[in-house]
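> my questions concern the predicted model and sequence given below.
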Amino acid sequence: MQKLTIPFKTPLDYFKEACNENPFLIDTFYEFMQTNESWKKQDCDLHIYPYTHAFPAMLSMGCKNTCYFCPTGQYYKGKIYYGNPAIIIPKYKNENVHFMDENFFANDMKTILPLLKENNINWLAMTTYEDACRIIEEYGELYLYECGLRILEIGLENIVLMKKVKEEIKEKYGLKIIEIYYLNMTFLPNETKSSIRSNALWMMGRDLGRPIHFNNGIWYAPGQFYYPYDEIRNDGIMLESPFARTRPTYVPNTFLFESIKISDLEKVNYYSQLVFDTKFYPQKTEYNIEEFIDKDYKKAMWLTIGLRCGAIL
């Protein structure tokens, strides 16, 4: 199977490169970031306006989960390493911060929330559905917002193939000011047109209020794409893409062997241009998917946009 370099930084890359796989260096992550301007361009916003500039940061590295599609789970095998929030947080005083902890709420919130509030930090964090519910119930939306929380990333994945969200969080708790950004995965094994469309329909009424239109978190965008890493799969095709996970590199046969009908070309191109800066003008309106993609990762992206927005059937 083709090996691809993943150019965007994952939390695991931060640990390997910024900390040299040494948990004691988590406290020095900020200083490392100053040594290379390219690092500051990773995870550098909060996904919503007006927070278009942010600093990536981490208070912990690792995850107790072992999701098969995630390199973090394979590497840490359930371990989590913690930094010292009293050392780390003041370095980001008065800034917007994109926390890259795999599960931010696995940290000690009794210590961390007052520090974030004291240092006037606006922040985004990634967490699990269960821990999001636990923290919202314990502290309440207003206090969390006063402590700087603006948006939570929750792993939805795929409501047909791997649904991790039991009940929509904003509805469950009546959230008014904190946004929920649902991370979703496209082209998992056994993906079909129907599962792609179902994922979009679930997210449609749960969209971000002021989204930055790029890649995922919005109902018409396909989110990240499944990448099998070291696993060799023979139930689909690999595509030559310069980006793994943010661009499709694997497409399962369950999707490839289906057929499509393009019903609203203008609509597909509108959303595809918005998210991926990509347009196509096919010669026909009906195709077998494998024929249409023809091992072109951009066409695979374009198809997912069209299916999610209902302009391809």
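That came through fine.

> do a quick rundown of the strands in the stretch 151-300 of the chain.
Along the stretch 151-300 of the chain, counting by DSSP state E, counting those that start in this stretch, strands occupy 162-163, 179-186, 224-225, 236-238, 250-252, 259-261, 286-288.

> ok, which of those strands comes nearest Ala57?
Ala57 lies closest, by C-beta to C-beta, to one member of those: strand 179-186, at 17.2 Å. Where C-beta positions appear, they are placed from N, C-alpha and C, glycine not excepted.

> list the pairing partners of that closest one within its sheet, with orientation.
Note on strand 179-186: by DSSP bridges, its sheet partners are strand 149-158 (parallel), strand 224-225 (parallel).

> and these, which one's lowest on average pLDDT?
Lowest mean pLDDT within the strands paired with strand 179-186: strand 224-225, a mean of 90.

> and after the helix or strand of the chain with the lowest mean pLDDT, which helix or strand comes next?
Using mean pLDDT, DSSP states H and E, the weakest-scoring helix or strand in the chain turns out to be helix 71-76, at a mean of 66. Proceeding N to C from helix 71-76, the next assigned helix or strand is strand 80-82, under DSSP states H and E.

> mean confidence score for that following strand?
84.

> buried sites along the helix or strand following it?
Counting by DSSP H and E, the element after strand 80-82 in chain order, helix or strand, is helix 85-88. Burial within helix 85-88, assessed by neighbour count using 16 or more other C-beta atoms under 10 Å, is assigned to Pro85, Ile88.

> and helix 85-88, what other elements does it pack with?
Counting contacts by 3 or more C-beta pairs under 8 Å, 6 or more residues apart in numbering; DSSP states H and E, helix 85-88 is packed against helix 109-118.

> quick one: buried residues of the helix it packs on?
Quick answer for helix 109-118 (16+ other C-beta under 10 Å): Met109, Ile112, Leu113, Leu115, Leu116.

> picking that back up, which one, of the strands of the stretch 151-300 of the chain, ends up nearest to Gly306?
Closest approach to Gly306 among those (C-beta to C-beta): strand 259-261, 7.8 Å.

> on contacts alone, who are the packing partners of the closest one?
The helices and strands touching strand 259-261, judged by 3+ C-beta pairs under 8 Å, 6+ apart, are strand 286-288, helix 289-293, helix 297-309.

> now that strand: average pLDDT?
Strand 259-261 comes out at a mean pLDDT of 98.

> and for stretch 187-197?
Taken as a whole, stretch 187-197 has a mean pLDDT of 96.

> next one: stretch 288-295
Mean per-residue pLDDT for stretch 288-295: 96.

> what comes into contact with that stretch?
Stretch 288-295 has contacts (C-beta atoms under 8 Å, 6 or more residues apart in numbering) with 237, 239-240, 251, 255-260, 282, 299-300, 303.

> among those, list the two that are farthest apart in space.
Glu240 and Ser259 (24.1 Å).

> compare those two (neighbour count), which wins?
Taking neighbours as other C-beta atoms under 10 Å, Glu240 and Ser259 compare with Ser259 leading, 13 against 10.

> ok, now how distant is Lys163 from Arg210?
Remark: distance between Lys163 and Arg210 (C-beta to C-beta, to the nearest Å) = 26 Å.

> please say which of the two ends up with more neighbours.
Lys163 (15 against 10).

> where do the helices of the stretch 1-150 of the chain begin and end?
Assigned helices in the stretch 1-150 of the chain, in chain order: 11-13, 29-33, 71-76, 85-88, 109-118, 129-139, 141-146 (criterion: DSSP state H, counting those that start in this stretch).

> what about those helices, which gets the closest to Pro50?
Closest approach to Pro50 among these (C-beta to C-beta): helix 141-146, 15.2 Å.

> residues in contact with that closest one?
Helix 141-146 has contacts (C-beta under 8 Å, 6+ apart) with Leu113, Lys117, Ile135, Ile136, Tyr173, Leu175, Lys176, Ile177, Ile178.

> of those residues, keep whichever come out buried.
Buried subset of the contacts of helix 141-146 (neighbour count, 16+ other C-beta under 10 Å): Leu113, Ile135, Ile136, Tyr173, Leu175, Ile178.

> for the closest residue to the fourth one other than its chain neighbours, give me its contacts.
Counting by C-beta to C-beta, 6 or more residues apart in numbering, the nearest residue to Tyr173 once its immediate chain neighbours are dropped is Ile136, at 5.2 Å. Applying C-beta under 8 Å, 6+ apart to Ile136 gives the contacts Leu144, Ile169, Tyr173, Leu175.

> of these, just say which sits nearest to Leu183.
Nearest to Leu183 out of the contacts of Ile136 is Ile169 (C-beta to C-beta; 13.0 Å).

> what is the neighbour count of that closest one?
Neighbours of Ile169 (other C-beta under 10 Å): 19.

> tell me which residues touch it, please.
Tyr129, Ala132, Cys133, Ile136, Leu152, Ile154, Leu175, Ile180.
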